[in-house]
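Asker: return atomic coordinates for the entry below.
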Amino acid sequence: MVSRLIRHAGVLTLAAIGLQAAPALAKDAPVYTGTFSRTAVDGYDAVAFFTQQQPVKGDKRYSLEWNGAEWRFASAENRDRFAAAPERYAPQYGGYCAWAVSQGYTASGDPRHWKLVDGKLYLNYDAEVQKKWEQDIPGFIVKADRNWPAVLGK
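Answerer: Alright, predicted model coming up:
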């Protein structure tokens, strides 16, 4: 009985040491996908914001995996454009709300509240937050750039 307890205590000690040695995991994923989803940009086609200047729902038939998320597109052509240059088309800050990131935290980004600025896609939480963000877009981008990606671990 005593030897079983000693063995058990040894296993627990090793487990505890292993947990302490493990690197801290980020609180949030690098791409916002929602709580019960792996789909980026809520299933909207990230390329369409640039080519059609509006949110367009993607189709699961034209999807690919990138940066830990599933990205959907309205066409094979848009999927291929994204595959060739994902950093060009993916929303900034992993699709999290640009204003929230500028404030030092993450919040969901809604593809219905978006803006292209200097060839980059930014999403915001909702219309009210987007109005705040639009009051000083350049300033908020500078702040968000400083906070990203450290806000993922908060």
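Asker: only C-alpha atoms from now on, for both contacts and neighbour counts.
Answerer: OK.
Asker: contact partners for the residue nearest in space to the middle of the chain?
Answerer: Nearest to the mean C-alpha position of the chain, counting by Cα atoms, centre = their mean, stands V31 at 2.0 Å. Contact analysis of V31 by Cα atoms under 8 Å, 6 or more residues apart in numbering lists A40, N67, G68, A69, Y93, G94, G95, Y96.
Asker: would you agree the last one is in contact with S108?
Answerer: Yes - A contact is recorded between Y96 and S108 when judged using Cα atoms under 8 Å, the distance being 5.0 Å.
Asker: the two: which has the busier surroundings?
Answerer: Y96 (29 against 21; other Cα atoms under 10 Å).
Asker: which strand or helix spans the residue nearest to the centre of the chain?
Answerer: Per DSSP states H and E: V31 is located in neither a helix nor a strand.
Asker: so what does the nearest residue to S75 once chain neighbours are set aside have for phi and psi?
Answerer: Distance criterion Cα to Cα, 6 or more residues apart in numbering; nearest residue to S75, sequence neighbours excluded, is Y62 at 6.0 Å. When read as degrees, to the nearest 10, the backbone of Y62 gives phi -110, psi 70.
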